[in-house]
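**Student:** take a look and give me a structure for this.
(2 chains)
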2 protein chains.
Amino acid sequence: MEQHLYLSLAASFEKQIAGGLLKAGEKLPSIRKVSALYGVSKNTVIQAYLTLESRSLIISRPQSGFYVGSGVDFRLPVPDKSQPSALSAHQEADGLIGKVFQQLTNTRITQLSLSVPAPSFLPISKLNKCLSKAMLNLPSGGTGYGDIQGNMRLRSLISKRAFTWGGDLDSGDLVITAGVMNAISFALMALTKPGDSVAVESPVYYGMLQLAKHLGLRVIELPTHPLEGIDLQALETILPDLNALLLVTNFNNPLGSSMPEDRKKKLVEMITANQVPLIENDLYGEVYFGEKRPKPCKAFDQQGWVLWCGSFSKTLAPGYRVGWIAPGRYLRQVLRQKAFHSLSSTTLTQEAVAEFMENGGYDKHLVTLRKRLFSNREHFIQSIGAYFPEGTKVSRPQGGFVLWIECHRSINTAKLYEAAMAQGISIAPGRMFTLQDQFHHCMRLSFGLDWNERLEQKLQLLGKLVSEFTSPNEPS
Amino acid sequence: MEQHLYLSLAASFEKQIAGGLLKAGEKLPSIRKVSALYGVSKNTVIQAYLTLESRSLIISRPQSGFYVGSGVDFRLPVPDKSQPSALSAHQEADGLIGKVFQQLTNTRITQLSLSVPAPSFLPISKLNKCLSKAMLNLPSGGTGYGDIQGNMRLRSLISKRAFTWGGDLDSGDLVITAGVMNAISFALMALTKPGDSVAVESPVYYGMLQLAKHLGLRVIELPTHPLEGIDLQALETILPDLNALLLVTNFNNPLGSSMPEDRKKKLVEMITANQVPLIENDLYGEVYFGEKRPKPCKAFDQQGWVLWCGSFSKTLAPGYRVGWIAPGRYLRQVLRQKAFHSLSSTTLTQEAVAEFMENGGYDKHLVTLRKRLFSNREHFIQSIGAYFPEGTKVSRPQGGFVLWIECHRSINTAKLYEAAMAQGISIAPGRMFTLQDQFHHCMRLSFGLDWNERLEQKLQLLGKLVSEFTSPNEPS
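**Tutor:** Residues are numbered from 1 along each chain as shown, chains lettered A, B, ... in the order given. Predicted coordinates:
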């Protein structure tokens, strides 16, 4: 079994690190090299390295490789796999979410609670040019209705791009939406009716919980590992009773987990056998820190059970409201949802994104964005190591914008939120990301901000507050 | 009773026309003058004139007044009040709608089936300038998320404009949406659950039917008069059992009806007493041919039971996807719908519309638009009078984009559609606008196209087809 292989490979490297054969900061051999050397598959090596990283023994650097961890990393273990109740709950943290949301446009606050790239990370002047060009390109300056399914040029470009991860889509398989939540809304409305059950990761982006509850769905939160994603065994027992599965398989928000390829493959086999559709929210897929874009589950989907969703909100322009869905066998149903609820999408911003993808240097932009975000992730982890109390656990997302912090059990991050706001810092308390009575001692921090001395000071301040709020005598 | 007054007033004018005291083409005295002369209210005069117009004895000209009808008008009576079944039906004309929709982007077809203004009616270069300015005005070039409720400047401008019809709104009362269907979608989702009942006009825009059915609602079609709108008596009997009412009170699509003010007032009293919310789709309100903008029901709404919806899709730019809703007492619920299903709206197009409203000459544009549309309406009615067979009935919308044509009973407009398409003409068959077994001999024609000789020829061709399809021996 591959599973044993990767564990024994990880153990071998652990020995070399413990024995000083591999020193702090030293680069580990490439995946290809280890694969050849040990006679195992690349996937096995990747999983071994992820296992080591989950134990903070090694760290990854994008476009570079894996390195033996420094002291800081040893002080900051990755959070444990979540253990939500198997029963569906419905205690929405509405008040808390509302409170945090109200402050999101307050520019005097350091917004560690907002999962979007800072404006300085976006190619704004190029996008402006693309939008101006779109006004010229389109008939009637883009004032007319577009095709309900979405701008044909944009759909072609998205489907071509899907080939890079082994996707086999054409423009007719895609529907453009007003961002990814809108795609998920159409998907859920197409697939479910009130009283149906959907399963999600735990913790999970609160917007998914709100939407699902609001549609009258039972939400089952799955145990989720901060590196490897949902527990497939836990899923197996409930899968036959599910009406849909709703997952962020790459760089999950807020936990940062990414399912390894073999698990994705296994997952697709499971849902196909059970004929349970998977709504795959892949909005962070392009914001990876590793060597290449991780495949979504859609790459393994032969029979159309995966509804693959994405967006340009996290890479180009949140305010353009351009996302998409490739609904597989549910194309007709999703298209009807769009026709009934909103007709066509904004004509101009779709064309501007298409223009940017084709002529604006989308790939170059993404390389820069990933580098900046990874560098920020490292700054954040360093600062948390330096300023947060001993015992703090931090996720190690291989992409995306957010860190998941697990503090000492005695901390209540809803109370911490109030104290932090008094200091001009907004955090996202853990309880926002579940319908259950859990994650009170957790929080999500966004690192999609400009890194500077002031931000570091804010993190230092936050660390001090966390220390003050900790009662070490309570059992952790 | 006022009702008797207006009828006797109408009879008095009918006598003068029949007796030759008032001659074809002659201008009728102004509403104010008749009101003073006969000692009746202005509303009574308006209703008397509308009654005469419904019988084609007089015609209205925007910014001018009422005139004694010419021969053509006598040949073209207004359709009768619709008589849908009181039972809810659910025979969607999906196939038909799909077929018509598939051809909507076919530019080689004369699109008499599309209810939007021709590009030449839109202020495209000015809008382009406003959009360019929006990129400069907005932080981050408009790439960022906006306020979920919508652009504050735009909401202020819409609420200020509402004062012109006696609305008492402020920016906080409005929610921006991606067009009016999106507003209605949020409203219906906020107000109803599957199995609930909504009432609509009959005929009604098929998008409303599709959305309502799709949300699992029972749809009750109300008898509707082509001039005065829904039958309030018919409504009264079912009102206590309704969960919501969904109406286009001004220049209804497709029938062209507009409820007179006193009926609107009465309607608001009725829904308030029964605590049944009214979703008022006022998307054509600014496209009036008369002297002033007709009030929406919202003007009479003291207790927040009217959810007033509108859009810039019919006046400025369909492709910008900017509409709104003032949900009254349901503000919180509608706002949650928006937050869950789509987050914020497209940042740039909202600001561009605000810029146009404030500095782009919105009022001047509307004056031109109304004149062109009214002139088109007249061209269409003249042509239908000249080229369609005897007995054809035509609506007399006082605003908007569409005519409702009632042909001889023997005509099947679904079959006519095929024959017309073979000649490069698309019409909207009447069956699209109901869930019941009715309107097979009706069709909707859009007059929002550039008027020219070619278009007149197409109408001539269509009239010839209608004649060919008519079997006069069948009872009408």
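**Student:** and residue A:373, how many neighbours does it have?
**Tutor:** If you count neighbours by other CB atoms under 10 Å in any protein chain shown, residue A:373 ends up with 24. The way it works is simple: take the backbone N, C-alpha and C, and place the C-beta from them, glycine included.
**Student:** let me see the mean pLDDT of whichever strand or helix holds it.
**Tutor:** Using DSSP states H and E, the element containing residue A:373 is helix A:362-387. For helix A:362-387, the mean pLDDT works out to 92.
**Student:** could I get the buried residue list for that helix?
**Tutor:** By neighbour count on 16 or more other CB atoms under 10 Å in any protein chain shown, the buried set for helix A:362-387 is A:362, A:365-366, A:369-370, A:372-374, A:376-385, A:387.
**Student:** cool, and stretch A:120-132?
**Tutor:** Residues of stretch A:120-132 classed as buried: A:121-124, A:126-132 (neighbour count, 16+ other CB under 10 Å).
**Student:** ok, which of those residues also contact chain B?
**Tutor:** A:122, A:124, A:127-128, A:131-132 (CB under 8 Å from any CB of the partner chain).
**Student:** so what pLDDT did the residue of chain A most remote from its centre get?
**Tutor:** Most distant from the centre of chain A: residue A:140, at 38.0 Å, with distances by CA atoms, centre = their mean. What the model reports as pLDDT for residue A:140 is 93.
**Student:** likewise for residue A:415?
**Tutor:** 95.
**Student:** ditto for residue A:37
**Tutor:** Among the per-residue scores, residue A:37 shows a pLDDT of 86.
**Student:** so it makes contact with residue A:29?
**Tutor:** Yes: look at residue A:37 against residue A:29 with CB atoms under 8 Å: they come within range, at 7.1 Å.
**Student:** neighbour-wise, which of these two wins?
**Tutor:** The neighbour comparison of residue A:37 against residue A:29 (other CB under 10 Å) goes to residue A:29, with 16 against 10.
**Student:** and the more buried one, what element?
**Tutor:** Short version, using DSSP H and E: residue A:29 is in no helix or strand.
**Student:** surely it meets residue A:35?
**Tutor:** No: counting by CB under 8 Å, residue A:29 sits too far from residue A:35 to count as a contact (9.6 Å).
**Student:** need the residues of the stretch 151-300 of chain A near chain B, please.
**Tutor:** By CB under 8 Å from any CB, the residues of the stretch 151-300 of chain A that approach chain B are A:178-179, A:181-182, A:185, A:193-194, A:207, A:210-211, A:214, A:216.
**Student:** go on, the stretch 301-450 of chain A?
**Tutor:** A:313, A:316-321, A:336-337, A:339-349.
**Student:** tell me which of those fall in helices.
**Tutor:** Under the assignment DSSP state H, these contribute A:336-337, A:339-341, A:347-349 to helices.
**Student:** hmm, residue A:17 is touching residue A:68, no?
**Tutor:** Yes: counting by CB under 8 Å, residue A:68 is a contact partner of residue A:17 at 5.7 Å.
**Student:** what's the overlap in contacts for these two?
**Tutor:** Counting by CB atoms under 8 Å, 6 or more residues apart in numbering or on different chains, the residues touching both residue A:17 and residue A:68 are A:57-58.
**Student:** pick the one among the ones next to chain B among the buried residues of stretch A:120-132 closest to residue B:282.
**Tutor:** The nearest member of these to residue B:282, counting by CB to CB, is residue A:131 at 30.4 Å.
**Student:** that closest one sits in which helix or strand?
**Tutor:** Assigned by DSSP H and E, residue A:131 belongs to helix A:124-137.
**Student:** that helix - what's its average pLDDT?
**Tutor:** Helix A:124-137 shows a mean pLDDT of 96.
**Student:** again, but for stretch A:150-163
**Tutor:** Per-residue pLDDT values over stretch A:150-163 give a mean of 96.
**Student:** now stretch A:182-192
**Tutor:** Mean predicted lDDT for stretch A:182-192 stands at 97.
**Student:** got the contact list for it?
**Tutor:** Taking CB under 8 Å, 6+ apart as the rule, stretch A:182-192 contacts A:175, A:177, A:198, A:208, A:211-212, A:215, A:217, A:243-244, A:246, A:277, A:279, A:281, A:307, A:309-311, A:321, A:323-325, A:327, A:330, A:333-334, A:336-338, A:341-342, B:340-343.
**Student:** about what we covered before: out of the ones in helices among the residues of the stretch 301-450 of chain A next to chain B, who has the most neighbours?
**Tutor:** Going by other CB under 10 Å, residue A:349 tops these with 34 neighbours.
**Student:** leaving out chain neighbours, which residue sits closest to that one?
**Tutor:** In this structure, residue A:349 finds its nearest non-sequential neighbour in residue A:320, 3.9 Å apart by CB to CB, 6 or more residues apart in numbering or on different chains.
**Student:** likewise residue A:26?
**Tutor:** Once flanking residues are discounted, residue A:26 sits nearest to residue A:68: 4.8 Å by CB to CB, 6+ apart.
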